[in-house]
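Undergrad: The sequence and its predicted three-dimensional model are supplied below.
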Amino acid sequence: MTERRISRIIVRCSFLFLLIGLILPTHAKSQTIIEFYIFPNSAPTSITAGSDGNLWFTEAFGNRIGRITPSGVITRFYTGITPDSGPVGIAAGPDGNLWFTEGLGNRIGRITPSGVVTEFSIGIAPNSGLSGIAAGPDGNLWFTEITGNRIGKITPSGAVTEFSTGITPDSNLSGITTGSDGNLWFTEVTGNRIGRITPSGVVTEFSTGITPGSSPVGITAGPDGNLWFTENSGNRIGRITPSGVVAEFSTGITPNSGPMRITTGPDGNLWFTEASGDRIGRVAEITTGCSATFDGNFILHIPYLSYVDPISGPLSLWTDFVYQPNPMYPTLIPFKLTTFGIINNPSFSCAASTLSGNLTIHIPNVLLPDGITHLWANLEYSPVLSTTVNAYFVLTTYGAVSN
């Protein structure tokens, strides 16, 4: 058996919670902020990256959709947008177009990269006050209704479905995003809750851990597999796990700044706007406090390692790995296969759901059951497969990669 014949390895490691502390920090470079003039009183509101490589934004007062190239060239589109519609949210759709909400016009708009606009209103209840919008895991666009107190879904062809069952009345829904668990997550401003809706429309609300009167507004999926949200009145940033456990953070946020919108940046940090403070905030180096010091005696027990061979089919074994630092790969977490068998499982205090989504374990020398093949492998933590009890790692590459 050769390395090429191994199609998949999934490692299930109970309570493998200490590795997050070994991710090496990155050093930030000095940054320059450049502002681009648009038009007086246009009120740019939301912005997203398009499939054409440009950024697209809404103008709530200007009643336009804007496009800005990476070099700063701005084009504004208004043809096809009903006057005084108040575009608010915008998101890239699975069809390559941009989709936006019209807060006053009570419509969903679609604009192609060339600027052709189509509006949809059939199926949307009157005076719903559309707000946030996000691409869902099901290939549709999902949006929130502030005054309608509903979650809406629109297909790329324009068919609308609204959901209200399970949503507390008068909650004023705002932000929405797709989570790592395959569900949609949204904020309830006056309801002071975070909501979750499955693609089939089943709603669950979470309030435990959110300080009363905090007014959650923006929400985004974080690089750690959790959901992060802003608390506009509470002046905090909140985090909620896919299982609904909430943590709040306020250190470093200027008082009365009013955090509003939040997104995950390409640097792996969370970036948010401060509506009252006139600032941009960053949540950097997302960690959970899990840490450990490894030495050559630490043994990691993998209770179930399986792989699928194209000829022989699925095979499984019980293995032990010993931590073995390798100067050739200083940024990796290397474990070397030592024995087959069972040992006592070490346990740690952090939940699997807090592990970083980009965590990689490098295993430099795995001897497979044929007694001949040695495999160098990288196992990447999978937030989707993992639970609060078990951390799952999936084979990603052969050889060395950087964390």
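TA: Done, it's in.

Undergrad: Can you pull the domain assignment for the chain?
TA: 3-23+290-397, 44-283 (automatic domain parsing).

Undergrad: Those domains: lowest mean pLDDT?
TA: Per-stretch averages of pLDDT across those put domain 3-23+290-397 at the bottom, with a mean of 47.

Undergrad: what residues are up against the nearest residue to Phe61 once chain neighbours are set aside?
TA: The shortest distance from Phe61 to any non-neighbouring residue, by CB to CB, 6 or more residues apart in numbering, is to Ala43 (3.9 Å). From N, CA and C alone the C-beta is placed, and that goes for glycine too. Counting by CB atoms under 8 Å, 6 or more residues apart in numbering, Ala43 touches Glu59, Ala60, Phe61, Gly62.

Undergrad: Can you select the buried ones from those residues in PyMOL?
TA: Buried residues among the contacts of Ala43 (16 or more other CB atoms under 10 Å), as a PyMOL selection:
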select buried, resi 59+60+62
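
Undergrad: Out of the contacts of Ala43, which comes closest to Gly152?
TA: Closest to Gly152 out of the contacts of Ala43 is Ala60 (19.0 Å), distances taken as CB to CB.

Undergrad: so how far is Pro87 from that closest one?
TA: 6 Å (CB to CB, to the nearest Å).

Undergrad: and for the two, which residues touch both?
TA: What both Ala60 and Pro87 touch, as defined by CB under 8 Å, 6+ apart, is the set Thr45, Gly103.

Undergrad: tell me which element Ser233 is part of?
TA: Counting by DSSP states H and E, no helix or strand carries Ser233.

Undergrad: can you count the residues close to it?
TA: Applying other CB atoms under 10 Å, we find 17 residues neighbouring Ser233.

Undergrad: How much space separates the residue nearest to Phe61 from Pro242?
TA: Distance from Ala43 to Pro242, by CB to CB: 34 Å.

Undergrad: same deal with Gly234?
TA: In terms of CB to CB, Gly234 sits 22 Å off from Pro242.

Undergrad: In three-state terms, label Ala134 for me.
TA: strand (DSSP: H, G, I helix; E, B strand; the rest coil).

Undergrad: Adjacent strands (with direction) for the helix or strand in which Lys153 is found?
TA: Here Lys153 sits within strand 150-154, counting by DSSP H and E. The strands that strand 150-154 pairs with in its sheet are strand 141-145 (antiparallel), strand 160-163 (antiparallel) (by DSSP bridges).

Undergrad: And the next helix or strand after the shortest one, what does it pack against?
TA: It refers to strand 160-163. Next in sequence after strand 160-163, counting helices and strands by DSSP H and E, comes strand 173-178. Judged by 3 or more CB pairs under 8 Å, 6 or more residues apart in numbering; DSSP states H and E, the packing partners of strand 173-178 are strand 130-135, strand 141-145, strand 150-154, strand 184-188, strand 216-221, strand 227-231.

Undergrad: mind listing what's buried in whichever helix or strand comes after the fourth one?
TA: Just to be clear, that refers to strand 184-188. Scanning forward in sequence from strand 184-188 by DSSP H and E, the next helix or strand is strand 193-197. Using 16+ other CB under 10 Å as the test for burial, strand 193-197 gives Arg193, Ile194, Gly195, Arg196, Ile197.

Undergrad: Farthest-apart pair in those residues, please.
TA: Top of the distance list for the buried residues of strand 193-197 (CB to CB): Arg193 and Ile197, 12.5 Å.

Undergrad: picking that back up, most tightly surrounded among the strands paired with strand 150-154?
TA: Sort the strands paired with strand 150-154 by mean neighbour count, taking mean count of other CB atoms under 10 Å, and strand 141-145 sits at the top with a mean of 28.

Undergrad: who touches that one?
TA: Counting by CB under 8 Å, 6+ apart, 89, 91, 93, 99, 101, 108, 125, 128-136, 150-156, 162, 173-176, 178, 184, 186, 197 sit against strand 141-145.

Undergrad: Render the CA-only coordinates of it in CSV, please.
TA: Only the C-alpha atoms of strand 141-145 are listed here, as CSV (Å, rounded to 0.1, in the frame of the first residue of the first chain):
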residue,chain,number,x,y,z
LEU,A,141,-30.2,34.1,0.1
TRP,A,142,-31.5,34.6,3.6
PHE,A,143,-32.6,38.0,5.0
THR,A,144,-34.0,39.6,8.2
GLU,A,145,-37.1,41.7,8.6
